[in-house]
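In: What would the 3D arrangement of this be:
(chains A, B, C and D)
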Protein chains: 4
Amino acid sequence: MDFLGTKIVVRYAETDQMGVAHHSVYPIWYEAARTEYIKAFGMSYSQMEQMGIMLPLVELSSRYIRPAHYEDELKVTVSVRLLTRVKIEFYYEVWNQKGELINTGTTLHAWTDLNLKPMNLQKKFPEIYALLLEAQEKGREKA
Amino acid sequence: MDFLGTKIVVRYAETDQMGVAHHSVYPIWYEAARTEYIKAFGMSYSQMEQMGIMLPLVELSSRYIRPAHYEDELKVTVSVRLLTRVKIEFYYEVWNQKGELINTGTTLHAWTDLNLKPMNLQKKFPEIYALLLEAQEKGREKA
Amino acid sequence: MDFLGTKIVVRYAETDQMGVAHHSVYPIWYEAARTEYIKAFGMSYSQMEQMGIMLPLVELSSRYIRPAHYEDELKVTVSVRLLTRVKIEFYYEVWNQKGELINTGTTLHAWTDLNLKPMNLQKKFPEIYALLLEAQEKGREKA
Amino acid sequence: MDFLGTKIVVRYAETDQMGVAHHSVYPIWYEAARTEYIKAFGMSYSQMEQMGIMLPLVELSSRYIRPAHYEDELKVTVSVRLLTRVKIEFYYEVWNQKGELINTGTTLHAWTDLNLKPMNLQKKFPEIYALLLEAQEKGREKA
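Out: Okay, the predicted model is just below:
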């Protein structure tokens, strides 16, 4: 597993009349990066949903350090910051093409079934839980 | 049934760096107006989906006459322009607070079941078909 | 000044394949409510921008308590939680038509000029600062 | 100049409760592809805006042939279908990873200055006009 971040090119529609990427777009970029991050494990979030695992958002936080502009080429990195049987927290960094950190964020998710009822991931899907635990460990070693 | 149009206030997030509402937002406004239009019949599109009726888009067209700006108070009108057993076409007009027509558009939809397979609405849901036929007639009388 | 909250009807485009309003939409609803809140003072955010005041986001947080669904009629309330010469923090609550609190959030903004350079609001626009200070006080009395 | 299309991975936020990419997202994909298409000429749309050229949308059309799903890897191709001194029309095709054509569309744009006033591109920016004329020719040869 080797995830070096997702490349995002800022879309025109993502800018606002301030001339910068609108703040509501960053959670969507986090999500795109999270999708690729999970894919880097050999799973896909689509498959997880088909298996009956949902991952609705419980908490979101974001810090806006520098603006992003149309056509900027950004890199969004992801790591697992917290993993328990009932929830998982991801941490994100958004970097621009000049090597500047422009945004950091977190998303906290609950493991649920298809009816959005809370679920014990370790009990229901021990292999996936083990895989994510491993990812978290690797993230720690790097840090 | 008396539908006078849906009020839309242009959101900051809907603007782009040109300082106007981005063109991709108009289909979303059409949809908001379509939702209220259907509600004006005493149904709701949510109920239609629960009954097993889907209305995916097949064709979209839009003409941009004047720009819309942040905080503009727009009115979106809807009428049924075409109704057959397998499809329905809506026509939209977007007016601003100065009484100027700023955009017109059409959306063509297919009647389908929950698996997005085409469906004969008149056969499966004759009451709804009759209701829409009546709406189309009323729209014609006005015009 | 009497602001009772902004009414939001959940748009189809705002839902995702989980069948609920996507989490990235809530910051946009906060913004729509903030726009109306400022308007309730007899100003408008458009005018503020024309005067040379920008209010870019510095921090965002959001807690998702219950999901929102298509066609739900939500109410978003706003209050000023913190006001200094260089920044302002708003607090939001999102309520559904059943009277359930479904989301809370905060947005922290910097006062800047049109080039997004920090600005001392009290020095540059003392009347607006005074107005907001008053709003904050009123909010406190209610709480 | 060699433009083979823009790769788009369908984002979760782009899906709706029908379980497919929402129709309002396609114009945004067209725009992302248009951005890369222009870049393939050695210009960038950002630079064009800095030179004083705007390209607001005048007409949009889209045909939805097959749905797109979350995580689908799409390719969006672009060509110039019409070029005059005052306007330009682009044509798009969206293909999925199975090699199926899922959508086609057109966008008609006016050449304007920064105040959105119509502009004769050939007169004001003859080099850019020549470049686009060449692109249109190459597109024709391929077809």
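
In: Ramachandran angles for residue A:20?
Out: Dihedral angles phi and psi of residue A:20 (degrees, to the nearest 10) take the values phi -130, psi 170.

In: before we move on, what about the one 10 residues further on?
Out: Main-chain torsions, residue A:30, degrees, to the nearest 10: phi -50, psi -50.

In: ditto for residue A:56
Out: Main-chain torsions, residue A:56, degrees, to the nearest 10: phi -60, psi 150.

In: and if you look at residue A:29?
Out: Backbone torsions for residue A:29, taken as degrees, to the nearest 10, come to phi -70, psi -40.

In: Check the separation of the first and last residues in stretch A:37-52.
Out: Across its full length, stretch A:37-52 reaches 19 Å between end residues, using CA to CA, to the nearest Å.

In: close to chain B, is it?
Out: No. With CB under 8 Å from any CB of the partner chain as the measure, stretch A:37-52 is seen stopping short of chain B, the closest distance being 15.6 Å. Just so you know, the C-beta spots here come from the backbone N, C-alpha and C atoms, and that holds for glycine as well.

In: And stretch A:96-114, by the same measure?
Out: No. Contact of stretch A:96-114 with chain B is not found when judged by CB under 8 Å from any CB; the minimum separation is 15.3 Å.

In: ok, now stretch A:64-79?
Out: Yes. Stretch A:64-79 lies within reach of chain B by CB under 8 Å from any CB, at residue A:70.

In: How far does that stretch sit from its chain's centre?
Out: Here stretch A:64-79 is found 14 Å from its chain centre; the criterion is CA atoms, centre = their mean, to the nearest Å.

In: what's the answer for stretch A:3-10, then?
Out: That offset, for stretch A:3-10, works out to 11 Å (CA atoms, centre = their mean).

In: So for it, what gets flagged as buried?
Out: For stretch A:3-10, burial by neighbour count (16 or more other CB atoms under 10 Å in any protein chain shown) applies to A:3, A:5, A:6, A:8, A:9, A:10.

In: The top helix by length along chain A: how far from the chain's middle?
Out: Secondary structure assigned by DSSP state H gives helix A:126-142 as the longest helix of chain A. The offset between the C-alpha centroid of helix A:126-142 and the centroid of the whole chain comes to 15 Å, using CA atoms, centre = their mean.

In: Close to chain D: what parts of chain A are there?
Out: For chain A, the residues found near chain D under the criterion CB under 8 Å from any CB are A:9, A:11-13, A:27-28, A:31-32, A:35-36, A:39, A:44-46, A:69-71.

In: which helices and strands sit right next to the helix or strand where residue A:61 lies?
Out: Assigned by DSSP states H and E, residue A:61 belongs to strand A:57-64. With contacts taken as 3 or more CB pairs under 8 Å, 6 or more residues apart in numbering or on different chains; DSSP states H and E, strand A:57-64 sits against helix A:26-39, strand A:101-110, strand C:57-64.

In: how about a markdown table for these, with mean pLDDT and mean neighbour count added?
Out: Compiled in a markdown table, the helices and strands packed on strand A:57-64 are given as follows (pLDDT from 0 to 100; neighbours: other CB atoms under 10 Å in any protein chain shown):
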| stretch | mean pLDDT | mean neighbour count |
| --- | --- | --- |
| helix A:26-39 | 96 | 22 |
| strand A:101-110 | 98 | 19 |
| strand C:57-64 | 98 | 20 |
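
In: Columns distance to residue C:132 on top of these, output as CSV?
Out: Written out in CSV, the entries for the helices and strands packed on strand A:57-64 read as follows (distance: least, CB to CB, whole Å):
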stretch, distance to residue C:132
helix A:26-39, 26
strand A:101-110, 27
strand C:57-64, 17
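
In: So for stretch A:41-55, mean pLDDT?
Out: If you average the pLDDT over stretch A:41-55, you get 91.

In: Residue nearest the middle of chain A, spatially speaking?
Out: With distances taken as CA atoms, centre = their mean, residue A:34 lies nearest the centre of chain A, 3.2 Å away.

In: for the spatially most distant residue from the centre of chain A, what are its contacts?
Out: If you look at how far each residue of chain A sits from its centre, by CA atoms, centre = their mean, the farthest one is residue A:17, at 27.1 Å. With contact set as CB atoms under 8 Å, 6 or more residues apart in numbering or on different chains, residue A:17 has these partners: B:12, B:15, B:16, B:17, B:18, B:19, B:20, B:70, C:49.

In: Which of these fall in strands?
Out: Secondary structure of the contacts of residue A:17 is defined by DSSP state E; no position falls in strands.

In: Pick the one among these closest to residue C:61.
Out: Sorting those by distance to residue C:61 puts residue B:12 at the head of the list, at 18.9 Å, by CB to CB.

In: related to what we said a few turns ago, enumerate every residue touching the residue nearest to the centre of chain A.
Out: A:45, A:78, A:90, A:107.

In: ok, how many other residues are close to the first one?
Out: Applying the criterion other CB atoms under 10 Å in any protein chain shown, we find 20 residues in the vicinity of residue A:45.

In: Can you tell me, leaving aside adjacent residues, what's nearest to it?
Out: residue A:38 (5.1 Å; CB to CB, 6 or more residues apart in numbering or on different chains).

In: And the one you found, how close does it get to chain B?
Out: Look at residue A:38 and chain B: by CB to the nearest CB, to the nearest Å, they are 26 Å apart.

In: just residue A:132 next, same as before
Out: Look at residue A:132 and chain B: by CB to the nearest CB, they are 33 Å apart.

In: Buried residues, stretch A:86-97. List them.
Out: Along stretch A:86-97, these residues count as buried under the neighbour rule (16+ other CB under 10 Å): A:87, A:88, A:89, A:90, A:91, A:92, A:93, A:94, A:95, A:96.

In: The first one contacts residue A:107, doesn't it?
Out: Okay, so that is residue A:87. No. The criterion here is CB atoms under 8 Å, and residue A:87 misses it with residue A:107 at 10.6 Å.
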